[in-house]
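Undergrad: Need the 3D shape of this:
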Amino acid sequence: MASQITHIVYGKKIFDRHQNLNWHDFVLGTVFPDIRYLAKLDRDSTHVYGTSEINIPTDNSFQSGVYTHCFIDERRNHILKSLGMYELIPHDYLNLTAIKMVEDSITFPLFDDWGKIITILDDIVVEQKKIGVSTKNIHEWQTGLQRYIRSHPCENSWEKALVDILPYATAKQIAIQATKLQQSKQICDILKEVYKKI
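TA: Alright, predicted model coming up:
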């Protein structure tokens, strides 16, 4: 699973390979599935499995974004495994989440219209309410993403973003670990390679 900045950057690559999709609704769909952390939902309620790029729906841009999110999760995990990432770090929640934060710092500069994303995140579309998530949770989720994007990925912003969904001590520990992992050229090179292969 990737973090939200990475989902947007990888999602844009996939969006550009498909015609007749609306970027606004696609973005809202792409960042929507992980609202489950904030809304305390089971992963199965917001994710689909066994995805492939050829099966991305094209008749609804929000649903296309949701499906793309799930496809990216699966594709990214496959690439990381094939490149040996899981031989370099313990396969536990702390390190797997820390890697996501490092990945956000690598992918953030690869996209140049974060101002537009922040504006999109002011909006809610009807599909978001069909999953059983409250409007309050949607606003909280998207406001948190806006704050994270504005502050750019770094140890301080990682901690602040994570504390929205995790206890403070855990969020701080992950942010510190991400800073340590960010010092590894081998880890960063693998994460850069994922972007090329998505």
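Undergrad: from here on, contacts and neighbour counts on C-alpha atoms
TA: OK.
Undergrad: Regarding the protein, what is its longest helix?
TA: Secondary structure of the chain per DSSP state H: the longest helix is helix 61-82.
Undergrad: In that one, which of the residues would be classed as buried?
TA: For helix 61-82, the neighbour count (16 or more other CA atoms under 10 Å) marks 61-77, 79-80 as buried.
Undergrad: can you tell me the average pLDDT over that helix?
TA: Averaged over helix 61-82, pLDDT sits at 97.
Undergrad: chain center to that helix, what's the gap?
TA: Centroid separation for helix 61-82 versus its chain: 10 Å, with CA atoms, centre = their mean, to the nearest Å.
Undergrad: next structured bit after that helix?
TA: Counting by DSSP states H and E, the element after helix 61-82 in chain order, helix or strand, is helix 85-88.
Undergrad: any idea which helix or strand comes after that next one?
TA: The helix or strand immediately downstream of helix 85-88 is helix 93-107, counting by DSSP H and E.
Undergrad: So what's the gap between that following helix and the chain middle?
TA: For helix 93-107, the distance to the chain centre is 10 Å (CA atoms, centre = their mean).
Undergrad: phi, psi of the closest residue to residue 67 other than its chain neighbours?
TA: In space, residue 67 comes closest to residue 56 once its chain neighbours are excluded; the distance is 6.1 Å by CA to CA, 6 or more residues apart in numbering. With angles defined as degrees, to the nearest 10, residue 56 sits at phi -60, psi 120.
Undergrad: Tell me how many other residues crowd residue 56.
TA: Counted with other CA atoms under 10 Å, the neighbours of residue 56 add up to 19.
Undergrad: if I read this right, it contacts residue 64, doesn't it?
TA: Yes - judged on CA atoms under 8 Å, residue 56 makes contact with residue 64 at a distance of 5.8 Å.
Undergrad: Please report the distance of the nearest residue to residue 125 once chain neighbours are set aside from residue 137.
TA: Nearest non-adjacent residue to residue 125, counting by CA to CA, 6+ apart: residue 25, 7.5 Å away. Between residue 25 and residue 137 the distance is 18 Å, computed by CA to CA, to the nearest Å.
Undergrad: Poorly predicted segments of the protein, please.
TA: Filtered on pLDDT under 70, the chain yields the residue ranges 1.
Undergrad: Now do the strands in the chain.
TA: Along the chain, no segments are classed as strands by DSSP state E.
Undergrad: all helices for it, in order.
TA: Using DSSP H, the helices found in the chain span residues 4-16, 23-31, 35-39, 61-82, 85-88, 93-107, 114-120, 126-129, 135-151, 155-162, 168-181, 185-197.
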